[in-house]
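# coords please:
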Amino acid sequence: MNRRFTKGALLAAAAMTISLASPVAAQADESSSVSATLGQPTAVSSNAAPSGLTRNPADTPSVTRLTVNAGVLTSTGNTYVPARIDYNVPSGWSFGPTARLSANRKAKVETLYDGNYVKIPSAWGAGVYRLDTITFKSYDANPRVHVAPNAVNFRVRQGLYSGGGLRIVRKGSKLTFKVQKVRSFTGTKYVRVKTATVQVKKGKKWKKLKNVKLNKKGNKNFSIKKKGKRKYRLVIKTTNTIQGAKTGAIKI
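Residues are numbered from 1 along each chain as shown. Model prediction:
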């Protein structure tokens, strides 16, 4: 059998929220403010092909492809990480193998039901996960067990709170930057992200304006004096623990 596992200006005190990569500009007024959010975190997309099933003559099952993409924690319960697993299973063997899933000193046996994801417990948190001991069982008159030698490691990161972002308030030549609610999800709760970067666009390139250290709520304010309009954005870098993101450009 061949089976493939593939799955944000207004005037005065008003503000605007935009989605990722959507530019927005403040109207020419003495006082104005604009904001942009980080957007909904997503897992790396999978190029997995649709599942297919064919019986192939062989003595024992075999795994011919085993790929799992990076995962992102965004909700409690379970997280579904895009994957692609191909295997050949001869007649008389179950087409739904089990596998050992381990991470952060925890382990469990998981059934590989479908071809487009690997299901992990969100509560296990971010880290390097391993999928191994892929086990097939026969259902004929002489029950047998076959363990494939294949194994794969994949990383899971904390996703960012989609409502976090950057707000900029202008009063004359004074610009006040308000980094707000930049938090990441551990798999069970949101926690603060320690640092963030505000960038300014100069010519065709984005340059660092300021690195900021965030408080426990993921907030930080700072001000500069700047005449004329420029584009700004907030950037959270991807690390081994956090899946980074950036806001859309704010022109003010």
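
# so where's the chain shaky on pLDDT?
By pLDDT under 70, the low-scoring segments of the chain are 1-33, 40-58, 114-115.

# Taking the centroid of it, which residue is nearest it?
Nearest residue to the geometric centre of the chain (Cα atoms, centre = their mean): Val72, 3.5 Å.

# Give the next helix or strand downstream of the helix or strand containing it.
Val72 belongs to strand 71-73 when assigned by DSSP states H and E. Following strand 71-73 in sequence order, the next helix or strand is strand 78-88 (DSSP H and E).

# strand partners of that following strand, parallel vs antiparallel please.
Strand 78-88 has its sheet partners listed here by DSSP bridges as strand 2-4 (antiparallel), strand 62-68 (antiparallel), strand 117-121 (antiparallel).

# Flag every buried residue along it.
For strand 78-88, a neighbour-count test (16 or more other Cβ atoms under 10 Å) marks 79-88 as buried. For glycine as for every other residue, the C-beta is placed from the backbone atoms N, C-alpha and C.

# pretty sure Thr67 is in contact with Asp86, am I right?
No - counting by Cβ atoms under 8 Å, Asp86 is not a contact partner of Thr67; they are 9.1 Å apart.

# what sits in contact with each of these two?
Counting by Cβ atoms under 8 Å, 6 or more residues apart in numbering, Thr67 and Asp86 have no shared contacts at all.

# and Ile120, what does it touch?
71, 78-81, 101, 103, 129, 156.

# And it, how close does it get to Ala245?
21 Å (Cβ to Cβ, to the nearest Å).

# Is the residue of the chain most remote from its centre in a helix, a strand, or coil?
The centre of the chain is farthest from one residue, Ala141, which by Cα atoms, centre = their mean lies 45.8 Å away. For Ala141, the assignment made with DSSP: H, G, I helix; E, B strand; the rest coil gives coil.

# phi, psi of it?
With angles defined as degrees, to the nearest 10, Ala141 sits at phi -70, psi -30.
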